[in-house]
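1. requesting a structural model of the entry that follows:
(chains A and B)
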Amino acid sequence: MSHTTLASPAQGAEPPPTTAVPPRTTTKASRRGRLAAALFSAPAVLLLALFLIFPFVSAVVLSLTNQRLSSPLPVEFTGLENYQRIFTDPEFWRSFGNNTLFAVIVVPVQTAAALALAVLVNRRLPLRLFFRTVYFLPTVTVMAVAAVVWKVLLLPDSGLVNGVLGTLSFGHLQPGWLSSTSWAMPAIVLTSVWQGVGFQMVIFLAGLQAIPASLYEAARVDGANAWQQFRHVTLPGLRNTLVFVINVTAIFAFRLFDQVYMMPQFPGGPTDSTRTMMLQLLQTGYTRRMIGQASAIAVVFFLFVLVVTLVQRRLGREERAVR
Amino acid sequence: MRKTIVVAACAALALTGSGCSGTGGAASAGSSCDGKIDGKRTISTFYHGGGAEKKTFLNVVKDFNASQDQVTVKVQSVPEGTYNDAVQAAAASDKLPDVLDFDGPNLYNYAWNGDLIPLQECLKDSTRKDLLPSIVEQGTYNDKLYGVGAFDSGIVLYAYKSALKKVGARIPTGTDNAWTAGEFTDILGKLQKAGYARPLDMHMWYGRQGEWFSYAFSPIVQSAGGDLINRDGYKTAAGALDKPEVVKAMKTFQSWYAQKYVDTEAQDDTPFLKRTSPIAWNGMWAYKNGYKKAAGDDLAVIPLPDFGTGSKTGMGSWQFGITRKAEDPDAAAAFLEYLLTKKSQLTMYQAVGAPPSTTTALKATDIYAAGGPMSLVTDSLNKAPKVAVPRPQTPAYPAITQAFSQAIDDISLGRDVSAALKKAVDTIDQDIKDNDGYPTQ
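-> Below you'll find the predicted structure:
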């Protein structure tokens, strides 16, 4: 998981208050200022165009053709056929459903866990730094590595997880995690939360430290207990952070790929119970060699994530207005 | 405006290496062999294998590099599970190596794409005549030879004679008296009752991404009288893969999983080696890779069960071809010639335990020669395509193998057999239609 995409939502989470624009006067100085602005932004704009805008435009164009990965046949314009095929493909809807299910579980669980961890390590505990590092470590691990490690931990007979579960339940609860249609998704959720929670924890930690200590003092003077302090000082103070974290977690959740590719015996298995849109995209484009149709999936995926993000930001804004 | 967008898109595509006209000269023919190597050459090759197989291959390459001073071979390793994806991507971005190794049946797609060049002019007549007929058949597309295998292959059942005796099962000696599917299912049941919780290892752990599922389990389809595709014209899988006989055979296959005869959680060869699964459905490579050592004289090598039209088995293995990117195909051909020498063949045989692909080398092996313990494999290959069945020789193969593997996976996990096979048929037929029936180029 690359973290480069974080930059834009991070800045966007709290836009600077727009004050009244000063009346335009085309003086020499302002023209020079505009030139400087253009020059400074040029590298970023160029890179964005090269790596984000151009690929996206090409995906849109390709999605209207039958472009293949490699074939001697000529490329033909096929109109909306690729989209029609996607929307009538039960496999696509299955992966869409799995993505949604994953997001619905992971977003609240991971956000709550990250918040709990952040509050925990924000206290003046002995070895505080040590615990912060330990909780953050999985995030430093590459997802692919985490997936392989968890695959071993989740082995049905010799894995650590089932060893512990077996002892606790006297041998009654020992699921074949990755080979069972009902347990595969929970296994993926477990791995993902374990790997991702540290990152959100750090963001929450930064948010917690921005809450002035005087607010807690005032609350204590008013006789608020720990829960009341958390409910009425910490949570409101973290509102923007919370909105951002939920937003990013949701986007990551829809990009789910590494785990479902590496952990089950067959990517997306067993019987498609962990198939996701990203996997569908990869297999359509590479294994089935249909770049055109894969591009259509990419476009649909992009629009879907865009809508989810816009809706979330809308809800986030309203919360702020209440304050 | 629209034109600008298209131009921009093409520019962006060019950056990622694809391009907008077809697939960037994929169809342009490479140069051909003229019989002499021009100056000193360094050629590259992809290689899929790992472990002992790779080590031996690298040694053969080292020997080749040392044996003459004109050609130097450089090896690039590519993981086996997604090998075809990697090759397709390399072809699309024009980054193919000079020499390509590939799992046999993908040859037809690569040849159709124009990624490979014919080998007729490249190999010596004497070398070509020495190749096993099965190797020539699998390497030929559109009447031209495009690939040569370093070895052939076959699938058998390995079993402990003592375990079979315990349940009173007869031990078939050849494909003529193979177990029937019903008999085999019966034996599995008896073995389970005799205390073997999971008597059969189907080697599901070889991974569902590579060729194992198609290679190992299509003989069931063929033994039932069906096939992965209708080989008359290769235009549709309907009527071949979804035949009632195939559905019946696949239901039997499914019952082995439903009855928990198959060890589906195995992660390596332990179940057979430790005798917890006394029967293993495995390739010929297992004999030399531990099975003989573990079982000794108790090891029985048995043909696959007969689902109606006789016992069948797989054949074919990884092959080598020369790509259109080879600047001097003669340099690449020199390397292929070296791989086919008796010395290299026997070196590979020692490491992989596979039947060599030339008659000369095959005769010199101790286990595949007539009367040897693995002569069942040689016999089956000699009876190709009646017993050893080549995988479908069509450019649609990558789509076929993917659809069939998915069906096998679904069936083994308990999905409805007819629905799974129907889905595979639809996927295959759609692919053929999408490629205009793969017209001969």
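
2. go ahead and confirm B:Thr378 touches B:Pro355.
-> Yes. Applying C-beta atoms under 8 Å, one finds B:Thr378 in contact with B:Pro355, separated by 6.1 Å. C-beta coordinates here come from the backbone N, C-alpha and C atoms, glycine included.

3. now for those two: what residues contact both?
-> In terms of C-beta atoms under 8 Å, 6 or more residues apart in numbering or on different chains, B:Thr378 and B:Pro355 are both contacted by the residues B:Leu362, B:Tyr368.

4. between the two, which is the more surrounded one?
-> The neighbour count for B:Thr378 versus B:Pro355, taken as other C-beta atoms under 10 Å in any protein chain shown, is higher for B:Pro355 (28 against 22).

5. which non-adjacent residue is nearest that one?
-> B:Tyr368 (4.6 Å; C-beta to C-beta, 6 or more residues apart in numbering or on different chains).

6. in a helix, the one you found, correct?
-> No. The assignment for B:Tyr368, made by DSSP: H, G, I helix; E, B strand; the rest coil, is coil rather than a helix.

7. residue contacts, it?
-> B:Tyr368 makes contact with B:Pro355, B:Pro356, B:Leu362, B:Met374, B:Ser375, B:Val377, B:Thr378 under the criterion C-beta under 8 Å, 6+ apart.

8. so which of those sit within helices?
-> Mapping those onto helices (DSSP state H) picks out B:Leu362, B:Ser375, B:Val377, B:Thr378.

9. what lies in contact with stretch B:404-415?
-> Residues outside stretch B:404-415 that contact it (C-beta under 8 Å, 6+ apart): A:181, A:266, A:269-271, B:204, B:208-209, B:213-214, B:217-218, B:228, B:241, B:250, B:253-254, B:257-258, B:262, B:264, B:417, B:420-421, B:423-424, B:427.

10. buried ones in that stretch?
-> B:Phe404, B:Ser405, B:Gln406, B:Ala407, B:Ile408, B:Asp409, B:Asp410, B:Ile411, B:Ser412, B:Leu413, B:Arg415 (16 or more other C-beta atoms under 10 Å in any protein chain shown).

11. which stretches of chain B have low pLDDT?
-> B:1-30, B:208, B:441 (pLDDT under 70).

12. can you list the domains in it?
-> Chain B breaks down into these domains under the TED database: B:41-153+B:316-389, B:155-314+B:395-435.

13. quick check on the contacts of stretch B:404-415: which are buried?
-> Among those, those scoring as buried are A:266, A:269-271, B:204, B:208-209, B:213-214, B:217-218, B:228, B:241, B:250, B:253-254, B:257, B:262, B:264, B:417, B:420-421, B:423-424, B:427 (criterion: 16+ other C-beta under 10 Å).

14. so where do the strands sit in chain A?
-> Read by DSSP state E, chain A holds no strands at all.

15. tell me the residues of the stretch 101-250 of chain B that contact chain A?
-> Neighbours of chain A within the stretch 101-250 of chain B, by C-beta under 8 Å from any C-beta of the partner chain: B:Trp112, B:Asn113, B:Gly114, B:Asp115, B:Met204, B:Trp205, B:Gly207, B:Arg208, B:Gln209.

16. how about those residues in JSON lines, adding secondary structure?
-> Shown next, in JSON lines, are those (three-state DSSP):
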{"residue": "B:Trp112", "secondary structure": "helix"}
{"residue": "B:Asn113", "secondary structure": "helix"}
{"residue": "B:Gly114", "secondary structure": "coil"}
{"residue": "B:Asp115", "secondary structure": "coil"}
{"residue": "B:Met204", "secondary structure": "helix"}
{"residue": "B:Trp205", "secondary structure": "helix"}
{"residue": "B:Gly207", "secondary structure": "coil"}
{"residue": "B:Arg208", "secondary structure": "coil"}
{"residue": "B:Gln209", "secondary structure": "coil"}
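
17. tell me, how many residues neighbour residue 128?
-> All of this is about chain A. Neighbours of A:Arg128 (other C-beta under 10 Å): 13.

18. the chain in question should be chain B.
-> Counted with other C-beta under 10 Å, residues neighbouring B:Arg128 total 18.

19. wait, it touches B:Thr140, no?
-> No. Using C-beta under 8 Å, B:Arg128 is not in contact with B:Thr140; the gap is 11.1 Å.

20. relative to chain A, how far out is the residue nearest the centre of chain B?
-> In chain B, the centroid-proximal residue (C-alpha atoms, centre = their mean) is B:Ser317; its distance is 4.3 Å. B:Ser317 sits 21 Å away from chain A, taking C-beta to the nearest C-beta, to the nearest Å as the criterion.

21. tell me the contacts of that residue?
-> Counting by C-beta under 8 Å, 6+ apart, B:Ser317 touches B:Asp103, B:Gly104, B:Gly149, B:Ala150, B:Phe151, B:Asp152, B:Ser153, B:Ala354.

22. nearest to chain A, of those residues?
-> Checking the contacts of B:Ser317 against chain A with C-beta to the nearest C-beta, the nearest one is B:Asp103 at 13.9 Å.

23. chain neighbours aside, what residue packs nearest to the closest one?
-> Once flanking residues are discounted, B:Asp103 sits nearest to B:Glu211: 5.1 Å by C-beta to C-beta, 6+ apart.

24. and the one you found, what are its phi and psi?
-> Taking degrees, to the nearest 10, you get phi -90, psi -10 for the backbone angles of B:Glu211.

25. next one: A:Pro175
-> phi -70, psi 150.
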